[in-house]
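Chemist: From the sequence below, what's the structure:
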Amino acid sequence: MELTAKRPCWHPLILRRPLGEVLKGELTFEEQVERFAGECREVIGWMLAGGELVALRGETERVRLQADLV
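Modeler: Below is the predicted model of the structure:
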């Protein structure tokens, strides 16, 4: 039996921003949590507004269906 490597069916999403920059000026843990959550909401808002999440969903569904056919 020959083993063949399959192409990964995932695409990483990497967002880079220094955490120190995100939390700058926040002193308490609660302030830091709220700031971090706010930054996450902002990024998700950008992705929804630009259609990236819908496109990613469509692409992952297409890849899944192709994998099911193999």
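
Chemist: how long is stretch 16-29 from one end to the other?
Modeler: This stretch, stretch 16-29, spans 21 Å end to end (Cα to Cα, to the nearest Å).

Chemist: From the chain's centroid, how far away is that stretch?
Modeler: Taking Cα atoms, centre = their mean, to the nearest Å, one finds stretch 16-29 lying 20 Å from the centre of the chain it belongs to.

Chemist: now swap in stretch 32-43 and tell me
Modeler: With Cα atoms, centre = their mean as the basis, stretch 32-43 stands 14 Å off its chain's centre.

Chemist: how about it: buried residues?
Modeler: For stretch 32-43, burial by neighbour count (16 or more other Cβ atoms under 10 Å) applies to residue 39. From N, CA and C alone the C-beta is placed, and that goes for glycine too.

Chemist: ok, now how distant is the nearest residue to residue 53 once chain neighbours are set aside from residue 26?
Modeler: Leaving aside its chain neighbours, residue 53 sits nearest to residue 47 (4.9 Å; criterion: Cβ to Cβ, 6 or more residues apart in numbering). For residue 47, the distance to residue 26 (Cβ to Cβ, to the nearest Å) stands at 24 Å.

Chemist: just residue 20 next, same as before
Modeler: In this view, residue 20 and residue 26 are 11 Å apart by Cβ to Cβ.

Chemist: Looking at those two, which one has more neighbours?
Modeler: Taking neighbours as other Cβ atoms under 10 Å, residue 20 and residue 26 compare with residue 26 leading, 14 against 7.

Chemist: sorry, back to before: state the mean pLDDT of the strand or helix carrying the residue nearest to residue 53.
Modeler: If you go by DSSP states H and E, residue 47 is part of helix 29-50. The average pLDDT within helix 29-50 is 90.
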